[in-house]
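# coords please:
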Amino acid sequence: MLIKTFGSAVFGVNALTITIEVSISSGNKYHIVGLPDNAVKESLRRIESAIQSSGLKMPRQKIVVNLSPADIRKEGTSYDLPIAVGILAASGQLSAERVKDFVIAGELSLDGGIQPVKGALPISIQTRKAGFTGFILPKDNSREAAVVEDLLIYGMHHLTDLVSFFNETAVFEPIMVNTKEEFSKNTSLYDHDFSDVKGQESIKRALEIAAAGGHNVILIGPPGAGKTMLAKRLPTILPSLSLEEALETTKIHSVAGKLSAAQSLMTERPFRSPHHSISDVALVGGGSNPQPGEISLAHNGILFLDELPEFKRSVLEVMRQPLEDRKVTISRSRLSVDYPASFMLIASMNPCPCGFYNHPEKECGCSPYIVQKYLSKISGPLMDRIDLHVEVTPVNFNELSSPYPSEQSITIRKRVIQARLIQESRFANHSGLYYNAQMSSNMVRKTCKINGDSLILIKKAMEKLGLSARAYDRILKVSRTIADLSGSKDIEMEHLAEAIHYRSLDRNNWAG
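This is a model prediction of the structure:
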């Protein structure tokens, strides 16, 4: 007897429906075809044990399982459950009448328990798009899949649950998640606040500009000056995720298997802070079965690289293209996948190996050559892609012991949101463009027009600092954000001058 069930394969952040054909005929061997990997080939052994442990019978006949389309490689353990359902339906132990209406995914334990799988949200989206009635998957994945509306989601604990469901010997209620309620719940709840930071008003101003325009920032200063403390508080002044951004971010974390059983939708912007020993594959993504890396997990959020010069040069260089294109393409011989990577890069570093170069009080023991060698660990092209270079100086005792409270994150956030609203209005007719840092060179020319005096100022700055064309565009983008924060329609001289000021590592006094 031939039975068709339906599963799904995840490529990048999208899914493809897989038809699973199960044929039982005379003979005594099991065969699985359709370009399966080792995990899929082993599934028949897990399925056999799960069926027997569940009090059901594994047919002692020839079983052929075909995964279609057969020219696409099938990887992972999510095919266990649809194959088991196909075998039970083909052997008459399970009613096949409603099987065609559902996509099924799940890994089977030897005792028949159903284990969670990766990519439940993209599979759920594809299931609705393909016109299926519902999606049956492990209970632990059910809440993230239930974010998709107009689709019946059933979370199952055991193989016997599916037998009861299809034989209609038990009633199962679909999992319901109110997406809007889930989205509005727990947004903007942070343990940190900018009011915790004493002094550093100029640094807070720079981070406010970065948040308002989505700009990349590098903080340069001695140990203990507060670089990490400031960076960790940046998410508290960013606007909340939109529902579209939340779904897109959740898809990536779903594919990577980073969502807990209780999570259905990510409501906070991600903040990723990998250790400097990270490999280039772990940072940008990859592997034989391509998985998203840290830059994709930071999509719509922040990637914080502490002690930037300590990262391997090769790791930093692979970020150059994603920083520009806001996506990363991972190519293999059989497939090519795209992962979104639109993130804010926040980096921190000491100005020299000892950490006290340009320190107002402590003496640096490093020679100019050593300082230059240390700074050269970060390439010019990468520094070009960082919009704001901010010098962080130590906080003096008077500021540190001041009883007066600092400005709260919620106050700064209101200004950031107002500037973002201006940008949303400006880019309303441009799909995928939401804030100033995302502008192309062509958009910069149209949007960031400056007058004669400002042109003279930026010309002198480029000649003195030796800035590249990319740095020129970055300065104009930052000046546009500063103008938005001040509510100015045009970029004024003071906006441009402040933007030029945030190019510390381009100045000749560094390691001079």
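# Pop out the phi and psi values for the residue nearest to residue 91 when sequence neighbours are not counted.
The shortest distance from residue 91 to any non-neighbouring residue, by C-beta to C-beta, 6 or more residues apart in numbering, is to residue 59 (4.6 Å). C-beta coordinates here come from the backbone N, C-alpha and C atoms, glycine included. The phi and psi values for residue 59, taken as degrees, to the nearest 10, are phi -60, psi 130.
# where does residue 59 land on pLDDT?
The predicted local distance difference test score for residue 59 is 92.
# contacting residues around it?
Contacts were defined as C-beta atoms under 8 Å, 6 or more residues apart in numbering; by that measure residue 59 touches 24, 87, 90-91.
# nearest to residue 461, of those residues?
Residue 461 lies nearest to residue 87 out of the contacts of residue 59, by C-beta to C-beta, at 71.2 Å.
# Just confirm the closest one contacts residue 63, I think it does.
Yes - distance between residue 87 and residue 63: 6.4 Å, which falls inside the contact criterion (C-beta atoms under 8 Å).
# Mutual contacts of these two, please.
In terms of C-beta under 8 Å, 6+ apart, residue 87 and residue 63 are both contacted by the residues 22, 24.
# from the contacts of residue 59, which single one is nearest residue 31?
Distance ranking of the contacts of residue 59 against residue 31, using C-beta to C-beta, places residue 24 first at 11.4 Å.
# Need the three-state assignment for that closest one.
Here residue 24 is recorded as strand under DSSP: H, G, I helix; E, B strand; the rest coil.
# Number of residues surrounding it?
Applying other C-beta atoms under 10 Å, we find 19 residues neighbouring residue 24.
# Quick check: strands, which of the contacts of residue 59 are part of them?
Using DSSP state E, the members of these that fall in strands are residue 24.
# Pick out whichever of the contacts of residue 59 sits closest to residue 453.
For the contacts of residue 59, with residue 453 as the reference and C-beta to C-beta as the criterion, the closest is residue 87, at 78.1 Å.
# Endpoint to endpoint, stretch 487-503 covers what distance?
The first and last residues of stretch 487-503 sit 23 Å apart, counting by C-alpha to C-alpha, to the nearest Å.
# Averaged pLDDT, that stretch. What do you get?
Per-residue pLDDT values across stretch 487-503 average out to 90.
# same thing with stretch 233-251?
Stretch 233-251 shows a mean pLDDT of 89.
# go on, stretch 91-107?
Averaged over stretch 91-107, pLDDT sits at 94.
# so how far is that stretch off the chain centroid?
In terms of C-alpha atoms, centre = their mean, to the nearest Å, the gap separating the centre of stretch 91-107 from the centre of its chain is 34 Å.
# Equivalent analysis for stretch 339-353, please.
Between the centre of stretch 339-353 and the centre of its chain there are 15 Å (C-alpha atoms, centre = their mean).
# And stretch 97-111, end to end?
Start-to-end, stretch 97-111 (C-alpha to C-alpha) is 26 Å.
# Pull out the buried positions in that stretch.
By neighbour count, with 16 or more other C-beta atoms under 10 Å as the criterion, the buried positions of stretch 97-111 are 99, 102-108.
# want to throw the residues you listed into a markdown table with secondary structure and distance to residue 280?
Output for the buried residues of stretch 97-111, formatted as a markdown table (DSSP: H, G, I helix; E, B strand; the rest coil; distance: C-beta to C-beta, whole Å):
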| residue | secondary structure | distance to residue 280 |
| --- | --- | --- |
| 99 | helix | 44 |
| 102 | strand | 40 |
| 103 | strand | 35 |
| 104 | strand | 37 |
| 105 | coil | 31 |
| 106 | coil | 33 |
| 107 | strand | 30 |
| 108 | strand | 35 |
